[in-house]
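**Student:** 3D model of this:
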Amino acid sequence: MTAPKTTMAQSINTALRDAMTADDSVVVFGEDVGPLGGVFRVTDGLHRDFGDGRCFDTPLAESGIVGMAVGMAMNGMRPVVEMQFDAFAYPAFEQITSHVAKMANRTRGRIRMPIVIRIPYAGGIGGVEHHCDSSEAYYAHTPGLTVLAPTTNADAYGLLRAAIESPDPVIFLEPKKHYFAKEECDVTEAVPPIGKAVVRRTGRGATLIAYGPSVPVALAAAEQGATEGRDLGVVDLRSIVPFDDETVCAEVRRTGRAVVIAEAPGFASVASEIAARVGERCFHHLQAPVRRVTGFDVPYPAPKLEHHFLPGVDRILDAVDTLQWEASA
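**Tutor:** Predicted structure coming up:
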């Protein structure tokens, strides 16, 4: 029987609803997430069905939102908070890095932080400044945080359920341009384990490594490459922290070439770390240096220019061609 088609927004909504039904300690709050259902309608209906005590609006004060979540977590609750847009989360950064990430270590594990911070992130929606940042490197660089970036609707459901059940804090990055993309999604599937990448496509010529909104672009590049004689595989990380070295390196060792794809600027980025890890662990199997295809090292551009900034099929295939040339040089 074919699974029903659903959007990522609906999958996340179902995950929140199921978690709130299963555990009374789960609460959802943030800016406009209550009666309105969020600017992307991800929390639609939760306030109606669970009431003011379980799903509610907050003032426009991100530091206060996360600070309140810290207090709730210290007192036995499981808060799930929404930062309305990626760059809106920056005012909460001190709370996240100084308290959310460090509380368990500071108390030798006596106080845990079962907090999920949902962040709609990345570009592709024609948004203005502060609405399209890819801020994953900040969180990945902070010890004590788990950082997840689902791509498919099924993973959005499963990983969010796993994140809410985790005793430690999770940054849950939701690619906003995929919120309303429909796909068949069976939410009864097994919950994917945190920290486990998945091979979305196998290939022999090179391995494309991506996460979040860059995975469909990598798959499109692999499809286009196949029509031109390139045999490309695609690995979807799903989890940035913890990182699945085993799956990623197994694929790279098999192909001998790798391209890392991400929307964030490339300097001092998650893509940089992935390239370094692959280079260290797969050195004797690599036939060419690891390449990166990323956003440029500039602030996110105006909407009419974002298609130049974001990694696309042509840039990815150009990087693959460079690998082929370097291998034969």
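**Student:** Now the helix or strand Arg292 falls within - C-alpha only, PDB.
**Tutor:** Per DSSP states H and E, Arg292 falls inside strand 291-295. Coordinates of each C-alpha in strand 291-295 appear next as PDB, following Å, rounded to 0.1, in the frame of the first residue of the first chain:
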ATOM      1  CA  ARG A 291      36.500  19.500  -3.100                       C
ATOM      2  CA  ARG A 292      33.800  21.800  -1.600                       C
ATOM      3  CA  VAL A 293      30.900  23.500  -3.300                       C
ATOM      4  CA  THR A 294      29.400  26.000  -0.900                       C
ATOM      5  CA  GLY A 295      27.900  29.400  -0.600                       C
END
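**Student:** Return the distance of that strand from the chain's centre.
**Tutor:** 17 Å (C-alpha atoms, centre = their mean, to the nearest Å).
**Student:** And the protein, split by domain according to the record?
**Tutor:** 5-184, 198-328 (automatic domain parsing).
**Student:** hmm, who's touching the helix or strand hosting Ile274?
**Tutor:** Here Ile274 sits within helix 270-281, counting by DSSP H and E. With contact meaning C-beta atoms under 8 Å, 6 or more residues apart in numbering, helix 270-281 is reached by 136-137, 140, 209, 211, 237, 240, 243, 245, 248-249, 252, 258, 260-262, 264, 266, 286, 289-292, 294. C-beta: built from backbone N, CA, C; applies to glycine.
**Student:** how about the strands in the protein?
**Tutor:** 5-7, 26-30, 55-57, 78-82, 116-121, 146-148, 170-175, 182-184, 198-201, 206-210, 232-236, 239-241, 258-265, 291-295 (DSSP state E).
**Student:** What residues sit buried inside the second one?
**Tutor:** Buried positions in strand 26-30, judged by neighbour count with 16 or more other C-beta atoms under 10 Å: 26-30.
**Student:** Pick out whichever of these sits closest to Val170.
**Tutor:** Val26 (13.1 Å; C-beta to C-beta).
**Student:** gap between the closest one and Ile164?
**Tutor:** 6 Å (C-beta to C-beta, to the nearest Å).
**Student:** Repeat that for Thr107.
**Tutor:** For Thr107 relative to Ile164 (C-beta to C-beta), the value is 22 Å.
**Student:** more neighbours, those two?
**Tutor:** For the pair Thr107 and Ile164, the greater number of neighbours falls to Ile164 (25 against 12), based on other C-beta atoms under 10 Å.
**Student:** Nearest residue to the more buried one in space, ignoring adjacent ones along the chain?
**Tutor:** Once flanking residues are discounted, Ile164 sits nearest to Ala19: 4.5 Å by C-beta to C-beta, 6 or more residues apart in numbering.
**Student:** for Val100, same thing?
**Tutor:** Pro169 (4.8 Å).
**Student:** how about Gly37, what does it touch?
**Tutor:** When contacts are counted by C-beta under 8 Å, 6+ apart, Gly37 touches 43-47.
**Student:** Neighbours of Tyr157, how many?
**Tutor:** So Tyr157, with other C-beta under 10 Å, has 28 neighbours.
**Student:** Correction: the previous question concerned Asp24.
**Tutor:** Neighbours of Asp24 using other C-beta under 10 Å come to 12.
**Student:** what do you get for Gly195?
**Tutor:** Neighbour tally, Gly195, other C-beta under 10 Å: 18.
**Student:** Kindly provide the distance from the closest residue to Ile316 other than its chain neighbours to Ala122.
**Tutor:** What sits nearest to Ile316 in space, not counting adjacent residues and going by C-beta to C-beta, 6+ apart, is Ala221, at 4.0 Å. Distance, Ala221 to Ala122, by C-beta to C-beta: 17 Å.
**Student:** Quick one: distance of the lowest-mean-pLDDT helix or strand in the chain to the chain centre.
**Tutor:** The least trusted helix or strand in the chain, going by mean pLDDT, DSSP states H and E, turns out to be strand 182-184, with a mean of 81. Chain-centre distance of strand 182-184: 19 Å, with C-alpha atoms, centre = their mean.
**Student:** again, but for stretch 5-22
**Tutor:** With C-alpha atoms, centre = their mean, you get 17 Å for stretch 5-22.
**Student:** Stretch 228-243 now?
**Tutor:** 14 Å.
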